[in-house]
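In: fold the following.
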Amino acid sequence: TAPKIKSVIWAPDGSKVAILCKYGIVIADRQLEQLCSISDNVRIKSGAWDVSPTGGTANQLFVYATLHHVKYVLPSGDTGTIRTLDHPLYAMRVVKDQLFCLDREARPRVISIDTTEARFKLALANKRYGQVMHMVKHSRLCGRAIVAYLQSKGFPEVALHFVRDPRTRFRLALACGNIEAAMESAFALEQQAENEGKESGRDVWGELGSEALRQGNHQVVEMSYQRTKDFDRLSFLYLLTGDTEKLRKMLKIANMRQDIMGRYHNALLLGDVTERVQVLEQSGNLALAYVCAVMHGLSDDAERIKIAIETNEGTVDGLMDKIETTGKSGGRLLQPPTPIVRADNWPTLEVQKTTLEDLSAAQPDPEEVAYTETAAVPDSGVSANDWDDGAFDDAAGPAKSTGAVAAAAAATDDYDFGDDGDWGDDLDDLGDLGEPDAPKEAPKDEMAGLQDVSDDSTFQMPSAGRPPAGCWVANSSHAADHIAAGGSASAMQLLNRQIAASNFAVLKGTMMGCYLGSTMSVPGVPGSPSMNMPLLRNDKEGHPGAGSLPRTSLHMEDLVAGIRNGYRFFQGGKFNDSKASFQDVLTKIPLVVTDNKTEASEMKEMLEICREYITAIRIKGAMSEVAGDPVRSTELSAYFTHCNLQAVHLLLALRSAMGTAFKHKNFIVAAGFARRLLELPDMSSERNAELRIKATKVLQKSEQMARNEHEINYDESSSFTIDCRDFVPVMAGQPSVKCSFCGSTYADQKMKNQECSICGVSAVGVQTIGLVTGS
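Out: Numbers count the residues shown, from 1 in each chain. Presented below is the predicted three-dimensional model:
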């Protein structure tokens, strides 16, 4: 709903629309489904969509002006203030860091704006982590607002790169589980407290110890307990890690501190009966000391204590009669468990650092580099003659990629690398690559012969050029370009060689769309047939001639829309519709041509997303078929949680698996699911309060029972992949075969050369070059 609509502004590509109201803005898609809605306290004057060719903000960033501010809004609902205004302005166009607008006298103005914060939030929402880390490294992102935003979105590891305050860094490091960074901040806080003459923060080391204990890093736990002087926890830690030598030192420390309870606890953990008898005797508990000595066969100590009791007009008669020595409730010798393995730290699975954690390994995003290298125009009150169509054409024209810039730079410089040396001439014997050996001749001037007309006035027909379809096939190795040229046989041969495609029936509709979308029919003069005109994708700077490539009907936006539909159906429990959406994306991916490496990596990530979600949906269907089998249903629910799903969908999977395991009395497995569920960031929100309470109760009950009713084929601590046919774990190092296209894993070697169960396109176990994403 949008009350009191003032104006409607469509994005240039027609994918989104901004509905401006008096005090609010509604962003919707082309089906008018609301994406977000924001409200402002000040009346909104105007707005415009960003049309920058680089930076990734085109048709994604909406800039609007109020009485005194220029602000922005993203389709995700994030908003912010860009700059203040001295006088009201009316936004007309946004290109890079320039806002073209009109003042109240209808005079054109160009003002500079800084959209770094908006581009950062947009890149984070679109999971373009290379661009995110490039902006963290080269942009001036700071302030509590951006740190709070990153924490609320679940990215504390990003804020950790540019926050310098020790206490804030400590909180962020704990939130993302970075023990090393948390230790550095804890030492800095301790040094800062000593310089100010204050006590070192006991709570800081306590929180660090709790997080390190959760990760199994008991060396950091030991240091934290030592600094907080938490001797009881330290003794228990030494017991768990099997460090008996340090446990004996704790006994000596308790003796020096004259800590009676500490001495007794350490003696109990060490199994030192003599020390326990001495502690009881020195604390005045002579009767207990006598009973302890008799029960453990210390006759000399028992006789001495008996004399002490009788000296104080006491008696030991009847003391032993009160203690049962037989039966289940009888006394037993208490001895600590013998340590079997003494390791530095508890074993953990190696987790590779993500791009958001490793700043040095982050690859710069090409669009962001091109964006930052473009010089911004300063504020100026330009005249109407300067604000013409040519200025818009220059601003909105296609930006050269970094590869083109590098090629141009290489063309202007004369690099002399000498001879080839030991590299040899390995490229001389590659055979026929489809290019002529002789150098290309200069283009022939067809009009040069007009002055040399022969006497017989014969007419020489100029040589015919190559048709566009022939150029497309010769210039590209992508199947989509061959389909657009009508070469279905060569396209299918390419797909078979690249991804081992064998079932082309599922690709028929997509291939027909590529063929029909590469040309358009232009009506001719009356009485003549229509003309077919080829549509080119590389004719932005003029006709490419023999180097032309066709314009395909499928783009990255189509894949993103399919992924979002699959997410929406999955969230609503419509698993058949969700599976159909993800399979539709899988059939489109082989025929999508990407423009750069960033899009290529995003498309491969979409391929993995489709594979994981289709596997999860098939496992969900198998769970309903074996609902009466407690063993198999528990196994399938466990495998369901190991599919790489979004956090909100993983929450639903863990909730279902926890309930299944608990219902079938597999309490150890149920406890593992409850712990994983409670560790999710979304569990801290208010809408999941009831689920958080239920998971806590399940965890407590499961820890009390601590047994599995059934033996299942599942180990939470092991690293494995899921067999996409039989739904069983395939351990690391176990022989398996994979699909050449989607990467699905199969343990049965008989699946080799069989059709993949996930994508239904390629054969399993065929070694190929892999998916080709560009021409």
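In: pLDDT score for residue 367?
Out: We have a pLDDT of 54 for residue 367.
In: what do you get for residue 486?
Out: Looking at residue 486, its pLDDT reads 88.
In: for the one 4 residues further on, same thing?
Out: Residue 490 is assigned a predicted lDDT (pLDDT) of 90.
In: got the contact list for it?
Out: Residue 490 is in contact with 473, 482, counting by C-beta atoms under 8 Å, 6 or more residues apart in numbering. C-beta coordinates here come from the backbone N, C-alpha and C atoms, glycine included.
In: what about it, distance to residue 482?
Out: Using C-beta to C-beta, to the nearest Å, residue 490 is found at 5 Å from residue 482.
In: residues shared between the contacts of these two?
Out: Shared contacts of residue 490 and residue 482, defined by C-beta under 8 Å, 6+ apart, comprise residue 473.
In: immediately after the helix or strand hosting residue 482, which helix or strand?
Out: Assigned by DSSP states H and E, residue 482 falls within helix 479-484. Remark: after helix 479-484, the chain's next helix or strand is helix 488-499, criterion DSSP H and E.
In: would you mark the buried spots in that next one?
Out: For helix 488-499, burial by neighbour count (16 or more other C-beta atoms under 10 Å) applies to 488, 491-492, 494-496, 498-499.
In: for that helix, the distance to its chain's centre please.
Out: Computed by C-alpha atoms, centre = their mean, to the nearest Å, the chain-centroid distance of helix 488-499 equals 32 Å.
In: show me what the following helix or strand past that helix is packed up against.
Out: Downstream of helix 488-499, the next assigned helix or strand under DSSP H and E is helix 508-516. In terms of contacts (3 or more C-beta pairs under 8 Å, 6 or more residues apart in numbering; DSSP states H and E), helix 508-516 is packed against helix 479-484, helix 488-499, helix 575-588.
In: packing partners for the helix or strand following the longest one?
Out: The one in question is helix 575-588. Per DSSP H and E, helix 575-588 leads on to helix 597-625 as the next helix or strand towards the C-terminus. Packing partners of helix 597-625 (3+ C-beta pairs under 8 Å, 6+ apart): helix 366-373, helix 556-571, helix 575-588, helix 630-640.
In: most tightly surrounded among those helices?
Out: Of these, the one with the most neighbours on average (mean count of other C-beta atoms under 10 Å) is helix 630-640, at a mean of 23.
In: what helices or strands is that one leaning on?
Out: Checking 3+ C-beta pairs under 8 Å, 6+ apart, helix 630-640 ends up next to helix 597-625, helix 647-663, helix 667-678.
In: out of those helices, nearest to residue 247?
Out: Smallest distance to residue 247 across the helices and strands packed on helix 630-640 (C-beta to C-beta): 28.3 Å, for helix 667-678.
In: now do the buried residues in the helix or strand following that closest one.
Out: Next in sequence after helix 667-678, counting helices and strands by DSSP H and E, comes helix 689-705. Neighbour-count burial for helix 689-705 flags 691-692, 694-695, 698-699, 702 (criterion: 16+ other C-beta under 10 Å).
In: stretch 60-76 now?
Out: Neighbour counts over stretch 60-76 (16+ other C-beta under 10 Å) mark 60-66, 70-76 as buried.
In: got a markdown table for the residues you listed, with pLDDT and distance to residue 773 too?
Out: Output for the buried residues of stretch 60-76, formatted as a markdown table (pLDDT from 0 to 100; distance: C-beta to C-beta, whole Å):
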| residue | pLDDT | distance to residue 773 |
| --- | --- | --- |
| 60 | 86 | 22 |
| 61 | 90 | 26 |
| 62 | 92 | 30 |
| 63 | 93 | 33 |
| 64 | 93 | 37 |
| 65 | 93 | 40 |
| 66 | 92 | 43 |
| 70 | 93 | 38 |
| 71 | 93 | 37 |
| 72 | 92 | 32 |
| 73 | 92 | 32 |
| 74 | 91 | 27 |
| 75 | 89 | 26 |
| 76 | 87 | 27 |
